[in-house]
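**Student:** my questions are about this predicted structure, shown below with the sequence.
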Amino acid sequence: MNSININDEIQKAIEPLQNTINALVAELKRVTLHPMNNVEQHITKQQLEELYGIKQSTQAKLRMDKENGLPYVRPAGAKIVLYPVNEINEWMREWRAA
């Protein structure tokens, strides 16, 4: 076998892999640009405690202040409390010590 035949065989072997890679890259771009990826994220009470260091008992007290308290949502019919990340970050900036 000469080098031309070997290169052709390698190219034939690589071509399906390259097609798969190209398809995956196209799908990744589609998913990344999908409008649902811009939907606001929510975290749980446990995640808020882990990420921001606000104990769950303190969270409950802060939720009681409807005007300046901790922003949260409670899905209809659910007992779970969720915190919108964007609003929590804004709330944290507003209450930051000078």
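**Tutor:** Great, that's in hand.

**Student:** state the distance from the residue positioned nearest the centre of the chain to residue 68.
**Tutor:** Taking C-alpha atoms, centre = their mean, the centroid of the chain lies closest to residue 41, which sits 6.6 Å from it. Taking C-beta to C-beta, to the nearest Å as the measure, residue 41 falls 23 Å from residue 68. Backbone N, C-alpha and C define where each C-beta goes, glycine included.

**Student:** residue 26 now?
**Tutor:** 47 Å.

**Student:** quick check: residue 66 vs residue 4, distance?
**Tutor:** If you go by C-beta to C-beta, the gap between residue 66 and residue 4 works out to 77 Å.

**Student:** can you pull out the strands in the protein?
**Tutor:** In the chain, strands defined by DSSP state E lie at 42-44, 82-84, listed in chain order.

**Student:** winner for burial among those?
**Tutor:** With neighbours defined as mean count of other C-beta atoms under 10 Å, the strands of the chain peak in mean count at strand 82-84, which reaches a mean of 19.

**Student:** how's this protein carved up into domains?
**Tutor:** According to automatic domain parsing, the chain is divided into the following domains: 3-38, 42-94.

**Student:** returning to what we had before: export the strands of the chain as JSON lines, with columns for distance to residue 15 and mean pLDDT.
**Tutor:** Shown next, in JSON lines, are the strands of the chain (distance: least, C-beta to C-beta, whole Å; pLDDT from 0 to 100):
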{"stretch": "strand 42-44", "distance to residue 15": "44", "mean pLDDT": "91"}
{"stretch": "strand 82-84", "distance to residue 15": "47", "mean pLDDT": "93"}
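
**Student:** got TSV for those strands, with distance to residue 50 too?
**Tutor:** Putting these into TSV (distance: least, C-beta to C-beta, whole Å) gives the following:
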stretch	distance to residue 50
strand 42-44	9
strand 82-84	12
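
**Student:** nearest to residue 60, out of these?
**Tutor:** strand 82-84 (12.4 Å; C-beta to C-beta).

**Student:** pull the distance from the closest one to the chain's centre.
**Tutor:** Put simply, strand 82-84 sits 13 Å off its chain's centre (C-alpha atoms, centre = their mean, to the nearest Å).

**Student:** which elements pack onto it?
**Tutor:** Helices and strands in packing contact with strand 82-84 are listed as strand 42-44, helix 45-52; criterion 3 or more C-beta pairs under 8 Å, 6 or more residues apart in numbering; DSSP states H and E.
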